[in-house]
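1. attaching a predicted model along with its sequence, questions to come.
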Amino acid sequence: MPGRSPAPCAGLVEKLRPGLQGKIDMADLVFVLGGARSGKSRYAQSYAEQLSEQRIFVATAEPFDDEMADRIARHQADRGAGWMTVEAPIELAEAISTYAAADAALLVDCLTLWLSNVMHTDRDLASETDELCSSLRAATGPVVLVSNEVGLGLVPDTALGRAFRDEQGRLNHKIAAISDRVDFIAAGLPITLKS
């Protein structure tokens, strides 16, 4: 987007890889992938914080148990002040259409939980995914999306687990294809896949 400086995540990136600061270009649609505990959410948050002082966090997680409630509370504490939170466990396309704006950074964390939520309903996954992609293409401001790369581990031993892994891979392909930038986070370190 016009008028942005070319150093998103400057502080985080400088800590992780000295000398890289200033070498990353701003992008309107940024897709951040990684495994569990890879640092992807922290990286995506830092990226979004460089985009705008007005920040909207779109949460897809629901606190179904104490462990998930604790995770959500930790993420909220990590974000601190300056973030508005919108809960969209299923209606993600609608949230993006409603809240994406040129003067705010929108951070969606994460597509993996959204996919799981949609798969556990009677909704048509293909049409939900198409609607999500349409809302992202039409977004009037910067959007940063977080997703898990679940295909690098063992093959799940249940049919549902294998179906989820396959659908996550398909979703990641579609989002990466329409994204301006794709970063993969491994052990807290960013690797740019698309820029």
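-> Done, it's in.
2. measure Gly39 to Glu91 for me?
-> 28 Å (Cβ to Cβ, to the nearest Å). Using the backbone N, CA and C atoms, a C-beta is placed for each residue, glycine as well.
3. repeat for Gly169
-> Separation of Gly169 from Glu91 (Cβ to Cβ) stands at 23 Å.
4. higher neighbour count, these two?
-> With neighbours defined as other Cβ atoms under 10 Å, Gly169 and Glu91 compare such that Glu91 has more, 17 against 13.
5. how about Asp157, secondary structure?
-> Secondary structure state of Asp157, per DSSP: H, G, I helix; E, B strand; the rest coil, is coil.
6. which stretches in the protein count as strands?
-> When secondary structure is read from DSSP state E, the chain shows strands at 29-34, 55-59, 83-87, 105-109, 143-148, 181-186, 189-194.
7. what would these look like in CSV with distance to Asp130?
-> Below are those laid out as CSV (distance: least, Cβ to Cβ, whole Å):
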stretch, distance to Asp130
strand 29-34, 16
strand 55-59, 19
strand 83-87, 21
strand 105-109, 17
strand 143-148, 16
strand 181-186, 20
strand 189-194, 21
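8. ok, which stretches of this structure are helices?
-> With DSSP state H as the criterion, the chain has helices at 10-16, 40-51, 66-79, 92-99, 111-119, 125-138, 159-178.
9. now render the strands of the chain as TSV, adding distance to Arg123 and mean neighbour count.
-> As requested, these are exported to TSV (distance: least, Cβ to Cβ, whole Å; neighbours: other Cβ atoms under 10 Å):
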stretch	distance to Arg123	mean neighbour count
strand 29-34	22	26
strand 55-59	18	21
strand 83-87	17	14
strand 105-109	18	26
strand 143-148	19	25
strand 181-186	26	20
strand 189-194	29	15
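10. distance to Leu160 and mean pLDDT added to those, as CSV?
-> Below are these laid out as CSV (distance: least, Cβ to Cβ, whole Å; pLDDT from 0 to 100):
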stretch, distance to Leu160, mean pLDDT
strand 29-34, 22, 97
strand 55-59, 24, 96
strand 83-87, 25, 93
strand 105-109, 23, 97
strand 143-148, 16, 98
strand 181-186, 26, 98
strand 189-194, 28, 97
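11. looking at those strands, which is nearest to Gln45?
-> Nearest to Gln45 among these is strand 105-109; the distance by Cβ to Cβ comes to 6.4 Å.
12. that closest one vs helix 111-119, what angle?
-> 60 degrees (axes from the mean of the first three to the mean of the last three Cα atoms, to 10 degrees).
13. thinking again about what came up before, out of the helices of the chain, which is closest to Val32?
-> Of all these, helix 40-51 sits nearest to Val32, with 4.3 Å by Cβ to Cβ.
14. and the strands of the chain: which comes nearest Leu125?
-> Here strand 143-148 is closest among the strands of the chain (Cβ to Cβ), at 15.0 Å.
15. tell me the gap between that closest one and the middle of its chain.
-> Here the centre of strand 143-148 is set off from its chain's centre by 1 Å, with Cα atoms, centre = their mean, to the nearest Å.
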